[in-house]
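# Predicted coordinates and the sequence they were generated for:
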Amino acid sequence: MNETQPRIYLLAKPQLDWEAVDSYLADIGGKGWSDRLHGNAPDAEALIEFAGRLCYRSWEPGLNPNVQRVRRDRRAYVDNLLSSGHGSVLEHAQYSFLFRDVSRVFTHELVRHRAGVAISQESLRYVRLTSIGFRVPEVLRPVRAEVVTLVEALEDFQRSAAQKLGLTATEVPFAVKKEVTSALRRLAPLGLSTSILWSANVRTIRHVIEMRTDPGAEEEMRYVFDTVATMMLGECPLLFSDYTREATGQWRSEHLKV
């Protein structure tokens, strides 16, 4: 048994094509907006502000006859988006996280969040287990020895069964290997370590952080999304400026319905 700990990697984030932005804004008379933001804001925040201003044509005063004043301060603009609940524009900015060495307990809970996400998970139908990564939760520490013994027995079974069923022979067709590998995963612990790629927009990320750092949430979920919250606060601070982290580890927003 290989004892593991969840690790979180941010693989992808929004990147604006500022030439295209400038071309559009030059056509409609809003070039001053991109001059102010280009190089002064994370692309995710700029994209979300772009979406919000597009809705009202509020790049500059007068472009919309109904708009005589516009907010030029970025923080004031984002604060207004959040406080007014204009959350749809947050869906344009998407981030991709690789969660490594998380359990299938974790992934089974994560995939319940379907709106605004894309998911790709390591498949144990194709990937044969030769070793089992496993993290012993703190609450099981008093019975850690028994846990390790049990997991190691399951690990030994995976290897011996694969050999007895012929999976180690090179001439075995892949279709047969897939079928047997799929069956053997039924004898693997739900807590074994795996990897999953999770892409979600900012609106969804905010929601999942609040849900999954709650003290009543599953402990591995709390650990991972506490880390995600810290990462997102560093990536786009204005979009998460309304959050505070409580002593319990829960992240709370001032604006629950964004």
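Nice, I can see it.

# Distance-wise, check A162 relative to V180.
8 Å (Cβ to Cβ, to the nearest Å). Where you see a C-beta, it was placed from the backbone N, CA and C, and this is true even at glycine.

# what about this protein, any weak spots by pLDDT?
Scanning the chain for pLDDT under 70 picks out nothing.

# can you pull out the helices in it?
For the chain, the helices defined by DSSP state H occupy 18-28, 31-37, 43-56, 74-84, 104-110, 144-164, 174-184, 202-212, 219-235.

# Tell me which of these is the most buried.
Of all the helices of the chain, helix 202-212 carries the top mean neighbour count, a mean of 22, counting by mean count of other Cβ atoms under 10 Å.

# Dig out what Y9 forms beta bridges with.
Each beta-bridge partner of Y9 is listed here: L98, as defined by DSSP bridges.

# give the contact list for it.
By Cβ atoms under 8 Å, 6 or more residues apart in numbering, Y9 lies in contact with F97, L98, R100.

# T181 against R125, yeah?
Yes - contact criterion Cβ atoms under 8 Å: T181 and R125 qualify, at 6.5 Å.

# Out of the contacts of Y9, who's the most crowded?
Each of those was scored for neighbours by other Cβ atoms under 10 Å, and F97 scores highest at 22 neighbours.

# and the closest residue to that residue other than its chain neighbours, how many residues sit next to it?
Nearest in space to F97, with sequence neighbours left out and distances taken as Cβ to Cβ, 6 or more residues apart in numbering, is W198 at 5.1 Å. Using other Cβ under 10 Å, W198 has 26 other residues around it.

# check contacts around W198.
Shown in contact with W198 (Cβ under 8 Å, 6+ apart): S96, F97, L98, F99, L110, V117, A118, I119.

# What's opposite it in the beta bridge?
On DSSP bridges, the residues paired with W198 through beta bridges are F97, I119.
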